Every structure is written in structure tokens, then in C-alpha cells.
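**Student:** here is my input, please return the structure:
(chains A and B)
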Amino acid sequence: MSELKHWLDDSSDADELERSILRAGLEADPPPAKRDEVWTSLMATVAVAPLAAATLSAQAASAQAAGAGASKAAAVWLTVGKGFLVGLAIYGAAEGVTEISSRFSSRHAPVPAALPAAPRTKAPARATRRRSLVHGIRALPHAS
Amino acid sequence: MTRPESHVDRLASFELIYRQHFAFAWRSLRRLGICERDLNDAAQDVFLVVYRKLPEFDFEHPIGTWIYAICLRVASSRRRSAVQRHEQLGDAPEPLEKLEPALAADAETQQLSERRALLAAALDAMSLEQRAVFTLFELEGRTGEEVAELLGVPAPTVASRLRLAREIFRRSIERHRAREHFELRRMGGER
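**Tutor:** Below is the predicted model of the structure:
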């Protein structure tokens, strides 16, 4: 390893063009403003990172709490809903029974005695006439 | 430097490390093929890792080695992403005309710009491992042992990678010479 010589050494086997190309790459230092620019960005990120982590953990905690609260609320609503449905079913059943019983009782109810008798209707005039005609024919004396 | 105990200690240690190693990290990222427009983001990525891992870092080990290893991972990750997005990561360096317009007419500056482009093309032809060895040895001026320590590989591996990287570099320069020769002959023929 120690026998390796840098090409920029004059005693190395590199030629002048190769050396000049390597020398062109020596000045690769950053401009002074770059160091401060990158530092400012870094500090913004480094300062924001713990805040973001804290915010995230707080959000996670509140989401967990909200989840627990939501499950309790859901249980309450489920109970209320069940009660409502049971109540509705009981009400419906009661109404149905009442309706059926009322219909049943109205169909078989006796005619009240106090009601006046229905007036007799006259026979239709046409029918009367026909009968009289028949009677009339019978009543005619024989032509002979 | 000792292991930081509190958040304030950690920030103070981090700032010290940043001030001491920012230029090295910047140079390393640039030489590992991160283009100008991505250098800020890449440097920020490197030092964010440093900040996060600082409480776990063993201060018995050299910090430069650790930072270089992070630079290598960041460059490798960006290279993979660029390949997936079909982008060219190690594009030619910003032309000096763009950085310093007043110097554009200067022939010397023009030549420097061309040589930087040649270097960038030669480095782009290498694998990331070869590139790391070549730039640390030839441009950073590290010894073979230092490069082996920085990369965490045995010394013969460094020697082998350096030999291959030099071959690639030379081939790239030879191609450039051949192109120049051809251009000169063509121009001579036209006259």
C-alpha cells in the first residue's frame, strides 16, 4: 500500500494532462454561505422533529381517548335503540290486537232494538203492470 | 469529544461536528457524484443522520470515518433513486459561466471548466466504490491506509479498486485525446 503514489505528485507516472484534470477537481469546497444555509435548514428540521413527534403522540393519545369515548357512546345509543325498538314492537302489537278485536266485535254485533224498522218498499210499477196484464188475460172471456 | 448526555449537550456536540466536518462532507458528496442542485439536500440528509445517531455513536472511533460512511450511503441511495427515475445523477458540474459570468471570457477559466467536465465524465464511468477510493486517494490526498479505514475495507481491496479506477480514468482521458486529435485533423483537412 505504501508504494502507491498520488498522481498529483510530480514523481508519479501520471502525465501533465492527467494532473491538470485532477487539479481542476481540487477546489470542491462549499461557498461560505452554503454552510449557514444548510445549518438553518437543519435547525428548522431538528427543532420541528421533536415538536412533530410530540404533536403526533398527543394526537394518537387523543384519538385513543376519543375511541374509548366513542365506544361508550355507541353502547349507550345501542341500548337506547334497542329499548325504542322493543317499545315500538309492544305498541304495535297492542294496537294490532285492539284493531283486530274491534273489527271482530263490529261484524257480529246484534242490531240494536231501538232502531226503527226499515220501511217496506213498493214493488216496481212495471212488475205490477205485468202481473195485472196476466190477470187481465185470464180474466177475458172466451171469444167463442 | 464525549457522548452527549442531555439535549443541550447533544445540540452543542452536533454544532461542533457540523462546523468541523461540513466542508469534508460537502466535498465528499460532490465527488461521489451528487450534482450541484442536490448538494444542499444531500448535505442536510447526512447531518440529519449524524444528529439522530449521535447518542449511539462511539466517540472512540474517528468521526470523519463515520461521516464519510454516511455520505457514501446517501450518495448510493440518491444514485439508486436517480436510476429508478431515469435521471442522470452525476451530471457535469455547473459551468463556471453560470457561477461567475464575468469570468466567462477568460480562456483559463474556460479551460478549467472543460477539465472539470472531463473529470466528472471520468468519475461517472466508475462504480461508486471505485469512485470513493479514487477521490479519497487522488483528490483528498489520503493515504491507502486512511482510505481503507474510512471505507472499512482491507488495504488490498483499496489497492485493487484504485488500480481499476485509474484504468477507467485513463481510458476516459484517452478517448478525449482521440476526439481532440480527430477534431484537429478534421479542421486541418477542411483548410
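
**Student:** can you spell out which helices and strands pack onto the longest helix seen in chain B?
**Tutor:** Identified as the longest helix of chain B according to DSSP state H is helix B:155-190. Judged by 3 or more CB pairs under 8 Å, 6 or more residues apart in numbering or on different chains; DSSP states H and E, helix B:155-190 is in contact with helix A:16-24, helix B:107-124, helix B:128-134, helix B:144-151. C-beta here means a position set from N, CA and C on the backbone, and glycine is covered the same way.

**Student:** nearest to residue A:92, out of those helices?
**Tutor:** helix B:128-134 (79.2 Å; CB to CB).

**Student:** is any residue of that closest one near chain A?
**Tutor:** No: judged by CB under 8 Å from any CB of the partner chain, helix B:128-134 and chain A are separated, with a smallest distance of 9.6 Å.

**Student:** list the buried residues for that helix?
**Tutor:** Of the residues in helix B:128-134, B:129-134 count as buried by neighbour count, 16 or more other CB atoms under 10 Å in any protein chain shown.

**Student:** and for stretch B:144-160?
**Tutor:** Buried, per 16+ other CB under 10 Å, within stretch B:144-160: B:144, B:146-151, B:153, B:155, B:158-159.

**Student:** of those residues, closest to chain A?
**Tutor:** Proximity of the buried residues of stretch B:144-160 to chain A was ranked by CB to the nearest CB; the top entry is residue B:144 with 3.7 Å.

**Student:** for residue B:162, see how far away the closest one is.
**Tutor:** Distance of residue B:144 to residue B:162, computed by CB to CB, to the nearest Å: 8 Å.

**Student:** shared neighbours of the two, anything?
**Tutor:** A:4, B:137 (CB atoms under 8 Å, 6 or more residues apart in numbering or on different chains).

**Student:** that older thread, any chance of the helices and strands packed on helix B:155-190 in a markdown table, plus distance to residue B:78 and mean pLDDT?
**Tutor:** Formatted as a markdown table, these follow (distance: least, CB to CB, whole Å; pLDDT from 0 to 100):
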| stretch | distance to residue B:78 | mean pLDDT |
| --- | --- | --- |
| helix A:16-24 | 24 | 93 |
| helix B:107-124 | 14 | 90 |
| helix B:128-134 | 10 | 96 |
| helix B:144-151 | 18 | 93 |
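
**Student:** which of those helices sits closest to residue B:60?
**Tutor:** Comparing those by CB to CB, helix B:144-151 comes nearest, at 13.6 Å.

**Student:** which neighbouring elements make contact with that closest one?
**Tutor:** Helix B:144-151 packs on helix B:63-84, helix B:128-134, helix B:155-190, going by 3+ CB pairs under 8 Å, 6+ apart.

**Student:** what's stretch B:8-19 in contact with?
**Tutor:** So stretch B:8-19 is contacted by A:35, A:39, A:42, A:46, B:1, B:4, B:47, B:50-51, B:54-55, B:63, B:67 (CB under 8 Å, 6+ apart).

**Student:** pull out the buried members of those.
**Tutor:** A:35, A:39, A:42, A:46, B:4, B:47, B:50-51, B:54, B:63, B:67.

**Student:** okay then, goodbye and thanks.
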